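> I would like the atomic coordinates for the input below:
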Amino acid sequence: MIPFIPIAAVALLGKLIYEAVKEQPDYSEIDHENVYVDYMINQDKEKLTSTILKQKTTRAVNKIQKEYKGFKIGKSGNPKERQGSTDYTKYKGMYVLCASSDSDVISDLEGYYNEKYIKHKKNDNKKEGSAGVTTDSNGVHYLYVSVR
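Numbering: from 1, shown residues only. Here you go, the predicted structure:
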């Protein structure tokens, strides 16, 4: 009976580890020295209501923007590529706020935040709403805030 306890414990630990890593999406698009995931919500995993998702994201944007001279909210299928592009050279970094396989979720959030912060003195966005379609490299779309 005693040997059964350690075997059961090892089996349970193995199952917990497997469950923790089996559904981890490939986030190689955000593996960049200036792309941060401190505030990222994985909407596919967390499945937050729209209200809760916006509350958490708003808290993150408000906290982030206080520490920088300016910010820009956008969406991308590849934040690493976006942060490294020539039109983003004035930005020190990028905080990924939300990841989702549903491009509509990310577009809706982008439109919501561009309208919400359009008159903010630190906001570099010039237009309200969501701009264009995102293409993704692995089925995941991202909402981000770039900072300068």
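
> can you show me the strands along the chain?
With strands called from DSSP state E, the chain shows them at 35-36, 41-42, 71-76, 93-100, 141-147.

> nearest to K116, out of the ones you listed?
Nearest to K116, of all the strands of the chain, is strand 71-76, at 8.9 Å by CB to CB. Where C-beta positions appear, they are placed from N, C-alpha and C, glycine not excepted.

> hmm, who's touching that closest one?
Outside strand 71-76, the residues within contact range by CB atoms under 8 Å, 6 or more residues apart in numbering are 61, 64-65, 82, 91, 106-107, 109-110, 113-114, 117, 122-125, 130-131, 134, 141-148.

> which residues touch the closest residue to E115 other than its chain neighbours?
Of all residues not flanking E115 in the chain, E128 sits nearest, at 4.6 Å (CB to CB, 6 or more residues apart in numbering). Under the criterion of CB under 8 Å, 6+ apart, the contact list for E128 reads G111, N114, E115, I118.

> T135 reaches H141, doesn't it?
No. Counting by CB atoms under 8 Å, T135 does not reach H141; the two are 9.1 Å apart.

> looking at those two, which one has more neighbours?
H141 (25 against 10; other CB atoms under 10 Å).

> which intervals of this protein have sub-threshold pLDDT?
1-33, 82-88, 129-134, 136-137 (pLDDT under 70).

> mind doing that once more with 50?
18, 20-22, 24 (pLDDT under 50).

> what about the helices in it?
Taking DSSP state H, the helices of the chain run over residues 4-22, 43-46, 50-66, 79-84, 103-116.

> if we go by neighbour counts, what in the shortest one is buried?
Buried positions in helix 43-46, judged by neighbour count with 16 or more other CB atoms under 10 Å: Q43.
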